[in-house]
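Participant: quick one, fold the following:
(one chain, ligands or ions: 2)
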Amino acid sequence: MSIPAASTAVGSLCLPRSRIRSSALQPMMAVRSGTVSSVTQILTKLQKECATPLPVLRHVADSMGNDMRAGLAVDGASDLKMILSYVDTLPTGNEKGLFYALDLGGTNFRVLRVQLGGIDQRVIATEAQQVSIPQDLMFGTSEELFDFIASGLAKFAEKESGEFQLLQGRKRELGFTFSFPVKQTSISSGILIKWTKGFAVSGTSGKDVVACLNEAMQRQGLQMQVSALVNDAVGTLAGAKYWDNDVMVAVILGTGTNACYVERIDAIPKMPGQKSQSGTTIINTEWGAFSTGLPLTEFDREMDAESINPGEQIFEKTISGMYLGEIVRRVLLKMDEAGSLFGSSMPDKLQTPFSLRTPHICAIQQDTSNNLDEIGSILFNEAGVEAKTEARQIVLEVCDTIAKRGGRLAGAGIVGILHKMEDDMKGLIFGKRTVVAMDGGLYENYPQYRNYLQDAVTELLGPALSENIVIEHSKDGSGIGAALLAAANSKYKHHI
Ligand code: ADP
Ligand code: MG
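Facilitator: Ligands and ions are numbered 1, 2, ... in the order given. Next up is the predicted model:
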């Protein structure tokens, strides 16, 4: 999402004052002291309720580990679904040829092609394109959504240049990254469990999402076959491990959030007799559904109640990009209603859900100027309010409180996974280099969030253990990862 250019004349602009607040009719001094104190009270309460001191982080990390175990033991026994990815053939580096990837996220879909050159040449060429998903398709039918995607893919495939070479006699193969909870039935098939991140597409229930895509590709006359259905976290792990064998966990922090990790087959009681050559597989935790021990506020509860999936995805609603801006908007609205934070200007835009988005609160936190002019501009452009310097300072603190809680809780979740892995097999994680591959627009673009996440990991693990835990951005790992998984699971792999 792009942030509109800042207005330079915020201070001199007037907003329509069609409705006068009752508080504006009170004597000035009384209003000032009363409102200032109620704004401060709301801020203090917010900071207290969002606080994530070490005991809270520890409780979250421990609960994450317990919920992981429960989800591995019995299907449905935990918030965490702990889904088998069927990815036990990770890319080795030997993969060769042309492969495509399609990534359906929450905000965009991306298409990518890669020419793989085997162990010496690795990635010879890549080309990618990104298309944003029109809002109406998020609430339309499955056919409309998949037709839109297949047509984007077909247009991209038409523009294949000479550096990309399909081996003779082969059909183009695709890794399909689908970043929603899916009950995977094989490496190249899976049933949608539920839509998340604001999607509510009809006609997908109980259907194999690969079949949906295949049918749409046929309608487009596109000759391509899906060789791997990949969750975005799983794709990130595969992509990152291709370059660095110490990668054991991958986490997505974008519109939504998820995490996956390398698990031993014999530590999955709910799947007895499951086979894997390596003895390991990747488990997709679907940790967005986690909910134990999270410090929540009235703003979180109200946002959840009004969401299209109330009671679900509580961790996601507390830490991911789709929601952080919206939580801040709700706090600011309450501060304005109860304490005239923005004076007498009518905050019409501020009343619109999701008018303030996470990239805006991120931009707010980057303003280090004395007068916080950039914050003033963002509030004016996005929320339709005029904010004096003191109000801008309050807004900054609200953003920081929400980003800090999100980043630290995400960090606690990561530590929960690492501890679970180490507890099951001493020496697997700690005391040697272990990499957590990170991807997603929130992690990539929000430096304060990233720092809070790292701080929490370091606090929880202590200086000695955290020294060897590398939390690393894996840029577009999931796109390449999906293409690599298509290659590793190619229909023609026995021909290589
Ligand atoms: P998706 O999750 O849809 O696959 P991305 O990983 O690109 O896509 O993440 C996009 C999300 O990242 C946006 O919805 C937004 O919440 C967040 N984001 C994007 N840019 C920024 C930014 N500058 N600051 C903070 N968050 C951002
Ligand atoms: Mg994504």
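Participant: work out for me the element the nearest residue to residue 422 once chain neighbours are set aside sits within.
Facilitator: The spatially closest residue to residue 422, leaving aside those adjacent along the chain, is residue 429, at 4.2 Å (C-beta to C-beta, 6 or more residues apart in numbering). C-beta here means a position set from N, CA and C on the backbone, and glycine is covered the same way. Using DSSP states H and E, residue 429 falls within no helix or strand.
Participant: same check, this time on residue 173
Facilitator: strand 172-178.
Participant: that strand close to ligand 2?
Facilitator: No - using C-beta under 5 Å from the ion, strand 172-178 never reaches ligand 2; the gap is at least 7.3 Å.
Participant: that strand: partners in the sheet, and parallel or antiparallel?
Facilitator: Its sheet considered, strand 172-178 pairs with strand 96-104 (parallel), strand 224-230 (parallel) by DSSP bridges.
Participant: how many other residues sit next to the residue nearest to residue 422?
Facilitator: Per other C-beta atoms under 10 Å, the neighbour tally for residue 429 reads 23.
Participant: returning to that earlier point: TSV for the strands paired with strand 172-178, including mean neighbour count and mean pLDDT?
Facilitator: Compiled in TSV, the strands paired with strand 172-178 are given as follows (neighbours: other C-beta atoms under 10 Å; pLDDT from 0 to 100):
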stretch	mean neighbour count	mean pLDDT
strand 96-104	24	95
strand 224-230	27	96
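Participant: which residues are in contact with the residue of the chain found nearest ligand 2?
Facilitator: Proximity of the chain to ligand 2 (C-beta to the ion) peaks at residue 105, 3.1 Å away. Shown in contact with residue 105 (C-beta atoms under 8 Å, 6 or more residues apart in numbering): 177, 179, 232, 254-255.
Participant: helix or strand right after the helix or strand bottoming out on mean pLDDT in the chain?
Facilitator: Ranked by mean pLDDT, DSSP states H and E, the weakest helix or strand in the chain is helix 28-49, scoring a mean of 76. Remark: after helix 28-49, the chain's next helix or strand is helix 54-73, criterion DSSP H and E.
Participant: so what are the domain limits for this structure?
Facilitator: Structurally, the chain divides into domains by automatic domain parsing as follows: 31-84+243-474, 86-230.
Participant: can you put the ones you listed in TSV and add distance to residue 237?
Facilitator: Output for these, formatted as TSV (distance: least, C-beta to C-beta, whole Å):
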stretch	distance to residue 237
domain 31-84+243-474	4
domain 86-230	8
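Participant: could you say which one of the ones you listed comes nearest to residue 490?
Facilitator: Nearest to residue 490, of all the domains of the chain, is domain 86-230, at 5.6 Å by C-beta to C-beta.
Participant: can the closest one be found next to ligand 1?
Facilitator: Yes - judged by C-beta under 6 Å from any ligand atom, domain 86-230 comes into contact with ligand 1 at 105-108, 179.
Participant: would you map the helices across the stretch 251-400 of the chain?
Facilitator: Remark: helices assigned in the stretch 251-400 of the chain by DSSP state H, counting those that start in this stretch are 298-305, 314-319, 321-339, 358-365, 373-378, 389-424.
Participant: what's the neighbour count on the spatially closest residue to residue 228 that is not a sequence neighbour?
Facilitator: Once flanking residues are discounted, residue 228 sits nearest to residue 485: 4.1 Å by C-beta to C-beta, 6+ apart. For residue 485, the count of nearby residues is 35 (other C-beta under 10 Å).
Participant: now residue 164: how far from ligand 1?
Facilitator: 24 Å (C-beta to the nearest ligand atom, to the nearest Å).
Participant: ok, now which ones touch the closest residue in space to residue 302 that isn't next to it in sequence?
Facilitator: Leaving aside its chain neighbours, residue 302 sits nearest to residue 330 (6.5 Å; criterion: C-beta to C-beta, 6+ apart). By C-beta under 8 Å, 6+ apart, residue 330 lies in contact with 299, 302-303.
Participant: narrow those to just the buried residues.
Facilitator: When the contacts of residue 330 are checked for burial by 16 or more other C-beta atoms under 10 Å, the buried set is 299, 303.
Participant: just to revisit the earlier point, quick one: the residue nearest to residue 228 and residue 229 touch, right?
Facilitator: No - shown here, residue 485 and residue 229 do not form a contact pair, counting by C-beta atoms under 8 Å, at 9.0 Å.
Participant: quickly list what's touching both of these two.
Facilitator: residue 187.
Participant: that older thread, could the residues of domain 86-230 next to ligand 1 go into a markdown table alongside secondary structure and pLDDT?
Facilitator: Listed next are these as a markdown table, based on DSSP: H, G, I helix; E, B strand; the rest coil; pLDDT from 0 to 100:
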| residue | secondary structure | pLDDT |
| --- | --- | --- |
| 105 | coil | 85 |
| 106 | coil | 82 |
| 107 | coil | 82 |
| 108 | strand | 85 |
| 179 | coil | 91 |
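Participant: count the neighbours of residue 129 for me.
Facilitator: 14.
Participant: name the helix or strand for it, please.
Facilitator: strand 123-132.
Participant: for residue 184, same thing?
Facilitator: Short version: residue 184 belongs to strand 182-186, going by DSSP H and E.
Participant: hang on, residue 116 in a helix?
Facilitator: No - assessed with DSSP: H, G, I helix; E, B strand; the rest coil, residue 116 is strand; it does not lie in a helix.
Participant: if I look at it, how far off is residue 222?
Facilitator: According to C-beta to C-beta, to the nearest Å, residue 116 stands 21 Å off from residue 222.
Participant: more neighbours, these two?
Facilitator: Neighbour totals were compared for residue 116 and residue 222, and residue 116 leads with 23 against 19 (other C-beta under 10 Å).
Participant: wait, residue 359 touches residue 445, no?
Facilitator: Yes - assessed by C-beta under 8 Å, residue 359 is found in contact with residue 445 at 7.0 Å.
Participant: which of these two has more neighbours?
Facilitator: When neighbours are counted by other C-beta under 10 Å, residue 359 comes out ahead of the other of residue 359 and residue 445, with 20 against 15.
Participant: what's the strand holding residue 184 packed up against?
Facilitator: strand 83-84, strand 189-192 (3 or more C-beta pairs under 8 Å, 6 or more residues apart in numbering; DSSP states H and E).
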